[in-house]
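Participant: Build me a model from this:
(one chain, ligands or ions: 1)
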Amino acid sequence: MVEVLALQKKDLPIVVDVHLKAFKGYMNAALGKQYVYAFLQWFLEDARALAFCAHHAGRPVGYLVGAQLGYDADLNKKLLGSGVIAILTHPAIFFHPQFVRNIKSRLNLLLGKKKPQTSIQFKEPEGVGISLVGIAADPHSGIKGVGSALMKAFMAEAKKRGYRYTRLSVYEENKIARGLYEKSGWKCLNKANGVLYYYYFLDEGATNSN
Ligand SMILES: CC(C)(COP(=O)(O)OP(=O)(O)OC[C@H]1O[C@@H](n2cnc3c(N)ncnc32)[C@H](O)[C@@H]1OP(=O)(O)O)[C@@H](O)C(=O)NCCC(=O)NCCS
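Facilitator: The predicted structure is shown next:
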């Protein structure tokens, strides 16, 4: 039986381990424990954020974090120090394909090159939305239904807080996560550079103006 509760500071050390196992090979996991801890902690401290922890037999086995769209400027600012330390203490990150891609696209922007076009021309819906920023289940727990239980809690809380829609991004090749999103009723409405953007409209009146 999976129980979803608000994420608490005492859960963080185990939840960080869950993240490192679930996102093995991803850039943010390659930045190390301290960075992931600082990343997750932000969602405990910001009023526009929400954070859930899934427990099984009294132990954290998964987490979900989200925040009101527009959250990233503040998160990036708060993570700057941890990010610099993480890069300096994990120099292998310079060869990580996601890191190289990020640097290239930032350089292109600095050099005034055009942003790559999204393949579907999609306008953000009107009204205030909330982003599902991260979700993970412990890959070694052997328990099914962790992701679904976290998703259910997220959707209920987003609705309760009055958001009009939810949004997330996922790598196109992440078929398992996409399965969870599609089963939960999310629709892929945009795509750019191998990243898919999924949306779920919480209120009938929330539509994009296309
Ligand atoms: C995505 C993730 C959170 C799903 O959690 P989970 O506990 O495995 O999910 P559930 O057991 O509730 O399964 C929900 C759905 O996910 C998909 N899914 C889960 N495990 C799967 C597997 N091994 N193979 C294929 N699809 C799978 C299915 O669509 C499943 O629905 P179903 O049971 O009706 O077939 C988990 O796989 C994970 O942590 N992945 C790594 C981190 C990640 O990629 N996060 C998302 C980044 S955007």
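Participant: Give me the packing partners of the helix or strand of the chain with the lowest mean pLDDT, helices and strands only.
Facilitator: Using mean pLDDT, DSSP states H and E, the weakest-scoring helix or strand in the chain turns out to be helix 97-110, at a mean of 78. Using 3 or more CB pairs under 8 Å, 6 or more residues apart in numbering; DSSP states H and E as the contact criterion, the secondary-structure elements in contact with helix 97-110 are helix 27-30. Any C-beta I mention is one placed from the backbone N, CA and C, and that applies to glycine too.
Participant: any idea of the mean pLDDT in the following helix or strand past the helix it packs on?
Facilitator: Scanning forward in sequence from helix 27-30, with DSSP states H and E defining helices and strands, the next element found is helix 33-45. This predicted structure assigns helix 33-45 an average pLDDT of 96.
Participant: Would you mind extracting the C-alpha trace of helix 33-45 into PDB?
Facilitator: The C-alpha trace of helix 33-45 is given here as PDB (Å, rounded to 0.1, in the frame of the first residue of the first chain):
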ATOM      1  CA  LYS A  33      23.900  14.600  -3.900                       C
ATOM      2  CA  GLN A  34      24.300  18.200  -2.600                       C
ATOM      3  CA  TYR A  35      23.000  19.700  -5.700                       C
ATOM      4  CA  VAL A  36      19.900  17.400  -5.800                       C
ATOM      5  CA  TYR A  37      19.300  18.100  -2.100                       C
ATOM      6  CA  ALA A  38      19.300  21.900  -2.800                       C
ATOM      7  CA  PHE A  39      17.100  21.400  -5.800                       C
ATOM      8  CA  LEU A  40      14.500  19.400  -3.900                       C
ATOM      9  CA  GLN A  41      14.700  21.600  -0.800                       C
ATOM     10  CA  TRP A  42      13.600  24.600  -2.800                       C
ATOM     11  CA  PHE A  43      10.200  23.000  -3.300                       C
ATOM     12  CA  LEU A  44       9.800  22.700   0.500                       C
ATOM     13  CA  GLU A  45      10.500  26.400   1.000                       C
END
